[in-house]
Each structure stands twice: as structure tokens, then as C-alpha cells.
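Participant: Coordinates for the following, if possible.
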Amino acid sequence: MIQYDGILLCDKPYGMTSHRVIDILRQTIGQKKIGHTGTLDPRAIGLLLICLGRATKISQFLGDLDKTYEAEITLGVRSSTYDSEGIIPDENPKPVPSLTSNEIEKILSEFKGLIRQKVPAFSAVKVDGQKLYKLARKGKKINPPEKEIEIKDISLTRWISPLITCRVTCSKGTYIRSLANDIGEKIGCGAYLSRLSRTRIGTYGLKEALTLTEIKHYREAGALKKHLRPIEDVLSYPSLKTDETFSAGIVSGRPLHRANIIEFQGDFEAGQLICLKDHGGRIMAVGKSDINSGELRNHDGANFFNYVRVLN
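Facilitator: Numbering: from 1, shown residues only. All right, here's what the predicted structure looks like:
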């Protein structure tokens, strides 16, 4: 049985949960060690970063990558879930103001930067140990928490009333459906997220992703490995390459000394995440140094490296 290790770019279809995608891939690929770096709602489509084998150990370091979405927002209709699921069928649409593209762009620009965003009532976020959506479905009154997120960029791509189509690049934890609802409240007629596609995670684009059908095809043809991104290509942190005598001890968290380092790859500051490589260049751990790379070059040997995650 082939063991796959690396990152696979997957194009999630409409109507399927991210968890269901993982279940299908476990059956298709034939191994249990599979995970992802961030969910997509069932009604959203687009890019999922799938971690296979040893790469499941680095998912925590990929979750913070910026994400880019193509979003369609329908004005004039409110939704309890902020997407099409929570629309009341017999509710009459509200009048949509007559706005120009420039006016829409100006409204969108007001959401750029660091903002406070209210978590949707219908979400998996926990309050007092209970998931919000379970409380909401029981009809309980909920005051969802707010959190700070960053909209790195937001631009209008199309405006044909009542539909706004925009491109959004944002930080981890951003709810695009909350953003859609807030835009509708800003305009004054209400809105919901009617379509969403995640097009980019960090440097990885949707155009590079494979559908579930294509993954199955390449797996059966014995050609799936060539579509995997190696861990060494995905983790872009500065790194320290160690000598052969030290390499075997990395998996047990062996204390690192300056004398064990045979190569510096990139500069880093104290407390910054860095990779620890074996003598062959394979990433074996991620951690933090107590001192910066300049000081380390002249260090006299005391342990300075703190392990965060070992990739055994």
C-alpha cells in the first residue's frame, strides 16, 4: 500500500461538508491520516488544502494563511444564517437603493482593514461549551461573540442590482456570510451570501486544484504522487540543517546545540517559527529559537531551540 505524504489541493463541490470530503478521500486514497487546514461551508465551493500522512502534523501552521474568495451578495433579502439556507420563503424582498458602481465600491472599502465581526448565530463556534447553531435551532436567544478580523482587500467585480459580486482577501477566522450581512445592513436593505468560492489560500490557487473525480483517477492510475506538494515546499519558514549524528534524535526532541548545525537557510528573529531539517534536507520538526540567527552563528553551544511540533 502506497503511503502518501504531502499537501493536495482539492476543489470542494457544492453541498458537501469538508468532513465528508475527508471521508471520501480516505476511501479513495486508502489511508487514514488525512486532514484539512480549514473548513468550507457546505454551500461554498473551492479550494481545500488537504494534508496527507506526515503533512497532517503541519496543518496547524497552514491555518493562518490568508484566504481569497469570490462572493456573490444578494441585496434586499435577510437571512437568519446569512446565507441561502436561512431565507424565509414568503418574505417580500426589501427595495434596493439605486446605487452606482462607484457608490458600491465606496461602501465595500469601508470594510477594509481591521474590523470587529459578529460570529453568525448558525455556526460551530462554542459559547459556554455549546455550539451556537445547536442553540439557534432550539430557538434560544443568542448573543454571538465578536472577534477582530482583517479584510486585507475587497474589490467589486460586478454590480447588477440586486447582486454584488466581489473579491475578498482576508485573515483566518473571517466569515464571508457575516460580511455579506453587514454590507446589507450598511446599505439599509439587508443582504445574504448567495454564492461563495474560495479561490486562493496563501500562494495556492484554485486553478491548481483537483476535483474528487480527478483525484480518484490519478490514484487509480498510480500518478497521484506527482500532484502532491512536499512539506519542504509548503513550509516557507527559515530552517536549520543538522548533521547526521543529530538527525536521528530529532523525533525524540533531542536538545539542539550550535555544533549540530551544518547549514543556515534564511534569517530569523528570536521567537519566530523555524524548521529543523535532517542532514538530507527533510523537515523533521518546527520550533522556535531563543535567539536570532545572527546571534546563533556565534553561539557557544547551550540549548536554544524549543520544539513546537515533531514530524515523525
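
Participant: For the stretch 151-300 of the chain, which segments count as helices?
Facilitator: 176-187, 212-220, 231-234, 244-247, 293-296 (DSSP state H, counting those that start in this stretch).

Participant: highest average neighbour count across those helices?
Facilitator: Ranked by mean neighbour count, those are led by helix 176-187 with a mean of 22 (mean count of other Cβ atoms under 10 Å). All C-beta spots, glycine's among them, are computed from the backbone N, C-alpha and C.

Participant: could I get the helices of the stretch 151-300 of the chain as CSV with mean pLDDT and distance to R198?
Facilitator: Converted to CSV, those look like this (pLDDT from 0 to 100; distance: least, Cβ to Cβ, whole Å):
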stretch, mean pLDDT, distance to R198
helix 176-187, 95, 9
helix 212-220, 97, 16
helix 231-234, 94, 17
helix 244-247, 92, 38
helix 293-296, 94, 35
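
Participant: Make JSON lines out of those and add distance to I50.
Facilitator: Output for those, formatted as JSON lines (distance: least, Cβ to Cβ, whole Å):
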{"stretch": "helix 176-187", "distance to I50": "21"}
{"stretch": "helix 212-220", "distance to I50": "9"}
{"stretch": "helix 231-234", "distance to I50": "12"}
{"stretch": "helix 244-247", "distance to I50": "28"}
{"stretch": "helix 293-296", "distance to I50": "32"}
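
Participant: Between those, which one is closest to D23.
Facilitator: Ranking those by their distance to D23 (criterion: Cβ to Cβ) puts helix 212-220 first, at 11.1 Å.

Participant: report the angle between the axes of the host helix or strand of E150 and helix 176-187?
Facilitator: Assigned by DSSP states H and E, E150 belongs to strand 146-160. Put simply, strand 146-160 runs at 70 degrees to helix 176-187, going by axes from the mean of the first three to the mean of the last three Cα atoms, to 10 degrees.

Participant: Just the buried residues of strand 146-160, please?
Facilitator: The neighbour-count check on strand 146-160 (16 or more other Cβ atoms under 10 Å) flags I149, E150, I151, I154, L156, W159 as buried.

Participant: count of neighbours near the nearest residue to S84 once chain neighbours are set aside?
Facilitator: In space, and not counting its chain neighbours, S84 is closest to S194: 5.9 Å by Cβ to Cβ, 6 or more residues apart in numbering. By other Cβ atoms under 10 Å, 22 other residues sit near S194.

Participant: quick one, what contacts S194?
Facilitator: Contact analysis of S194 by Cβ atoms under 8 Å, 6 or more residues apart in numbering lists E72, I73, T74, D83, S84, L163.

Participant: got it, and E244?
Facilitator: The neighbours of E244, taking Cβ under 8 Å, 6+ apart as the test, are D278, H279.

Participant: elements contacting the strand or helix carrying R26?
Facilitator: R26 is part of helix 18-29 when elements are defined by DSSP H and E. Using 3 or more Cβ pairs under 8 Å, 6 or more residues apart in numbering; DSSP states H and E, the elements in contact with helix 18-29 are strand 6-12, strand 34-36, strand 45-52, helix 212-220.

Participant: Among the ones you listed, which comes closest to A248?
Facilitator: Proximity to A248 (Cβ to Cβ) singles out strand 6-12 among those, at 22.6 Å.

Participant: picking that back up, give me the angle between the helix holding R26 and helix 212-220.
Facilitator: 30 degrees.

Participant: what's the angle from helix 18-29 to strand 6-12?
Facilitator: Using the same axes, to 10 degrees, helix 18-29 lies at 120 degrees relative to strand 6-12.

Participant: who touches helix 18-29?
Facilitator: Residues outside helix 18-29 that contact it (Cβ under 8 Å, 6+ apart) are 4, 10, 12, 32, 34-36, 39-40, 48, 50, 52, 212, 215-216, 219, 224.

Participant: State the mean pLDDT of that helix.
Facilitator: Averaging pLDDT along helix 18-29 gives 96.

Participant: Can you mark which positions in it are buried?
Facilitator: By 16+ other Cβ under 10 Å, the buried positions in helix 18-29 come out as S18, V21, I22, I24, L25, T28, I29.
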